[in-house]
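**Student:** Build me a model from this:
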Amino acid sequence: MALEWAYYARQHTGTEVTQGAARTIDRNIRMEPDKPLKRSGGVTEQRIHALIAAACDILKKGAPAVSADKLHRLAKADTAAGLTSIQSLADLGVPYAVLLYERFLAR
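**Tutor:** Next comes the predicted model:
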C-alpha cells in the first residue's frame, strides 16, 4: 500500500515521495501515534503534506468505474462513492474499527 500511495502522491502533487520515505513516515506514526509531528518545513513535512493531499483526493473521488467482471479496491462501504459514502457511514455512527475489520476480511 505504501508504494501505491507514494506513487499516487508523487503523480498528484509532484512531490518526490519514495516508497521508503512513505514506509518510514507510516512506521514512525504507528510507533508513536501521540507524538506531534515536527514542523520543520523540510522534505519530510512536504512528503506528509503530499501524502495527505493524495489521500484526500482519492477519498473524495471514490472508486473509479471498472468493467463488470472486476472489482476496484476502493469499492468498499466507506469509499465506493467518495465523500457521499464516507458521510453516510459517519451519519450512521459506524465505528472506524468496524470499517478496518471489514477491510481486514476483504469485504
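
**Student:** So residue 46: helix, strand or coil?
**Tutor:** Of the three states, residue 46 takes helix according to DSSP: H, G, I helix; E, B strand; the rest coil.

**Student:** Also the one 4 residues further on?
**Tutor:** The three-state label given to residue 50 by three-state DSSP is helix.

**Student:** can you count the residues close to the closest residue to it other than its chain neighbours?
**Tutor:** Using Cβ to Cβ, 6 or more residues apart in numbering and skipping residues adjacent in sequence, the residue nearest residue 50 is residue 15, 3.7 Å away. Every residue, glycine included, has its C-beta placed from N, CA and C. Applying other Cβ atoms under 10 Å, we find 18 residues neighbouring residue 15.

**Student:** which stretches of this protein have low pLDDT?
**Tutor:** Scanning the chain for pLDDT under 70 picks out the ranges 1-2, 102-107.

**Student:** how's it carved up into domains?
**Tutor:** 2-61, 65-107 (automatic domain parsing).

**Student:** what's the most buried one of those?
**Tutor:** Highest mean neighbour count of the domains of the chain: domain 2-61, a mean of 14 (counted as mean count of other Cβ atoms under 10 Å).

**Student:** Find the centremost residue of this structure, please.
**Tutor:** Closest residue to the average C-alpha location of the chain: residue 55 at 4.2 Å, with Cα atoms, centre = their mean.

**Student:** got a list of what the residue nearest to residue 50 touches?
**Tutor:** By Cβ atoms under 8 Å, 6 or more residues apart in numbering, residue 15 lies in contact with 9, 46, 47, 49, 50.

**Student:** Next, please give the residue ranges for the helices of the chain.
**Tutor:** With DSSP state H as the criterion, the chain has helices at 2-13, 19-31, 43-61, 83-92, 96-104.
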